[in-house]
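J.: Have a look at this prediction, sequence included:
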Amino acid sequence: LSSTISTQLGYPIVVESGALNRIGRIAADVAGTPRRFAIITDATVGDLYARRVASSFHSAPTIVTIEPGESQKNRTTWATITDRLIGDGFGRDSMIVALGGGVVGDLAGFVAGTFMRGIPFVQVPTTLLAMIDASIGGKTGVDTPAGKNLVGVFHPPSAVVIDPQVLATLMLKHRCAGFAEAIKHGVIADREYFDSIAGSLGKLIAPDGWSSEAMVSLIVRSIRIKTEIVAQDERESGRRRILNFGHTIGHAVEAASDYHLLHGESVAIGMSLESRLAERAGIAARDTAETIAEVLDRANLPLSIPQGISTGEVLEKMQRDKKSRAGKVEFSLPAEIGRMHDAGGMWSVAIEPKLVQEVLNDEKKK
Ligand SMILES: NC(=O)c1ccc[n+]([C@@H]2O[C@H](COP(=O)([O-])OP(=O)(O)OC[C@H]3O[C@@H](n4cnc5c(N)ncnc54)[C@H](O)[C@@H]3O)[C@@H](O)[C@H]2O)c1
Ligand SMILES: [Zn+2]
């Protein structure tokens, strides 16, 4: 398997078995001029793959390793990494390679976007979620105690290089977290894709499902959908907002769980509740929410806010979200599976907190 997906974005997306052995050459290629390279990774991915990636470079790159997990995606870690690069004499002629899941990608991208006012970087996503969503589109950043992704910059990568073979070592629950974003892509843009994921979940979840043809097809189709949406609206002034489906409630639940819930799990809860909200608000066709919930459930994903997290806290976190305006929370909602509500070209609507609270409470009782 080897394909470079052609997109309207200004950078190549390479999907290739064994690509990990070629990162050095690909990075040098897209860099154009000679660069000093730093690989940023987390301890789990680093143990598995950093040596292989490092040996694909002409001269040995510096490897900066962080602890794994969302709790590391913060300003302190950003400062530690940048201090280390400065201490090691890295300058404007450097390039960063983000080797890991979405946490490493968002954080290393933010380091690249801010270091010496911005240096180029290459995304090497190693989770399914990062391959099909987080590594593409140029959003980078970190969390703060007040919420997710509140500090960041748009900084598109110079290339995205995906080696599907690394999915062999990814835990099933992280594979399933990736399915949440794939299901999202189906709901927001492509009913046929949604149905095809539903039809192949059995294969996708099987122990060897990571290497199935269904998996490669899912990766490629999701990337096509995401790049098509981003290319039209890179800075999110309109239609790119549909990618936030499930994320208004999702981000709030993720933060309220102190990041014990995975991002993909939180987005699954968010999609399940936001599609109920869309029906209640008269925006979504009947049965939209039920159909989405059924597929998420079969993907081993959670559907409601766990005991121990109060709906009040979730609502309060939502009101502090980047997307909220004057106390009202903004949602991108489906009209039906495969098509989002366009809201007169805004692609998001403000919903009264009272209705949101009602939906959260009703779903919690179940
Ligand atoms: N920038 C964007 O557009 C965008 C989009 C979606 C999500 N995100 C962000 O992505 C993050 C979630 O990313 P994630 O789900 O990849 O989480 P993650 O980066 O925490 O990775 C999940 C876990 O898998 C491990 N891991 C990674 N690759 C592995 C491999 N090949 N084998 C074995 N273990 C491996 C990691 O060490 C980690 O423990 C969130 O912070 C979310 O906000 C960003
Ligand atoms: Zn997401």
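T.: Received, thanks. Ligands and ions are numbered 1, 2, ... in the order given.
J.: Check which residues of stretch 341-356 are buried.
T.: For stretch 341-356, a neighbour-count test (16 or more other Cβ atoms under 10 Å) marks His341, Ala343, Trp347, Ser348, Val349, Ala350, Ile351, Pro353, Val356 as buried. To be clear about C-beta, it is placed using only N, CA and C from the backbone, and glycine gets the same treatment.
J.: Kindly reformat those residues as JSON lines containing secondary structure, pLDDT and distance to Tyr259.
T.: Formatted as JSON lines, these follow (DSSP: H, G, I helix; E, B strand; the rest coil; pLDDT from 0 to 100; distance: Cβ to Cβ, whole Å):
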{"residue": "His341", "secondary structure": "coil", "pLDDT": "98", "distance to Tyr259": "30"}
{"residue": "Ala343", "secondary structure": "helix", "pLDDT": "95", "distance to Tyr259": "31"}
{"residue": "Trp347", "secondary structure": "coil", "pLDDT": "96", "distance to Tyr259": "28"}
{"residue": "Ser348", "secondary structure": "coil", "pLDDT": "95", "distance to Tyr259": "25"}
{"residue": "Val349", "secondary structure": "strand", "pLDDT": "96", "distance to Tyr259": "28"}
{"residue": "Ala350", "secondary structure": "strand", "pLDDT": "94", "distance to Tyr259": "27"}
{"residue": "Ile351", "secondary structure": "strand", "pLDDT": "93", "distance to Tyr259": "26"}
{"residue": "Pro353", "secondary structure": "helix", "pLDDT": "90", "distance to Tyr259": "24"}
{"residue": "Val356", "secondary structure": "helix", "pLDDT": "95", "distance to Tyr259": "22"}
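J.: what ranges do the helices span in the chain?
T.: 23-31, 43-45, 51-54, 75-87, 102-114, 128-129, 172-189, 191-205, 213-232, 247-256, 263-280, 288-298, 311-319, 353-365 (DSSP state H).
J.: So which of those is the most surrounded?
T.: Mean neighbours per residue, mean count of other Cβ atoms under 10 Å, is largest over these for helix 128-129, with a mean of 28.
J.: Could you report the pLDDT at the most centrally placed residue in the chain?
T.: Most central in the chain under Cα atoms, centre = their mean is Ala134, positioned 3.1 Å from the mean C-alpha point. Note on Ala134: pLDDT of 97.
J.: thought it was touching Gly102?
T.: Yes. Counting by Cβ atoms under 8 Å, Ala134 does reach Gly102; the two are 3.4 Å apart.
J.: Identify the contacts common to the two.
T.: Pro125 (Cβ atoms under 8 Å, 6 or more residues apart in numbering).
J.: ok, now how distant is Lys364 from Glu358?
T.: The gap separating Lys364 from Glu358 is 11 Å, by Cβ to Cβ, to the nearest Å.
J.: next one: Ile136
T.: 35 Å.
J.: try Ser55
T.: For Ser55 relative to Glu358 (Cβ to Cβ), the value is 57 Å.
J.: before we move on, what about Met215?
T.: 39 Å.
J.: before we move on, what about Gly109?
T.: From Gly109 to Glu358 the distance is 38 Å (Cβ to Cβ).
J.: Also Ser217?
T.: Distance from Ser217 to Glu358, by Cβ to Cβ: 39 Å.
J.: and if you look at Ser59?
T.: Counting by Cβ to Cβ, the gap from Ser59 to Glu358 is 60 Å.
J.: cool, Glu234 as well?
T.: 36 Å.
J.: can you check Gly46 too?
T.: Taking Cβ to Cβ, one finds Gly46 at 46 Å from Glu358.
J.: now Ala278
T.: 14 Å.
J.: Flag every residue of the protein that's near ligand 1.
T.: By the rule Cβ under 6 Å from any ligand atom, the part of the chain lying against ligand 1 is 42, 44-45, 48, 68-70, 73, 100-104, 106, 126-127, 129-130, 133-134, 137, 139, 148-149, 166, 169-170, 174, 177, 262-264.
J.: who does Phe154 bridge with?
T.: Lys139 (DSSP bridges).
J.: what's near enough to touch it?
T.: Gly113, Gly138, Lys139, Thr140, Glu234, Arg235.
J.: Rebuild those as CSV, extending it with pLDDT and distance to Arg191.
T.: Shown next, in CSV, are those (pLDDT from 0 to 100; distance: Cβ to Cβ, whole Å):
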residue, pLDDT, distance to Arg191
Gly113, 98, 36
Gly138, 97, 28
Lys139, 97, 26
Thr140, 98, 31
Glu234, 92, 25
Arg235, 93, 28
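J.: Mind checking which of these are buried?
T.: Buried among the contacts of Phe154 by 16+ other Cβ under 10 Å: Gly113, Gly138, Lys139, Thr140, Glu234.
J.: Quick one: end-to-end distance for stretch 325-343.
T.: 16 Å (Cα to Cα, to the nearest Å).
J.: now do stretch 149-164
T.: Start-to-end, stretch 149-164 (Cα to Cα) is 27 Å.
J.: Same question for stretch 334-341.
T.: 5 Å.
J.: What lies in contact with it?
T.: So stretch 334-341 is contacted by 186-192, 194, 242, 245, 275, 278, 283-285, 288, 291-292, 332-333, 342, 347, 349 (Cβ under 8 Å, 6+ apart).
J.: Only the buried residues of that stretch, if you could.
T.: Buried, per 16+ other Cβ under 10 Å, within stretch 334-341: Pro334, Glu336, Ile337, Gly338, Arg339, Met340, His341.
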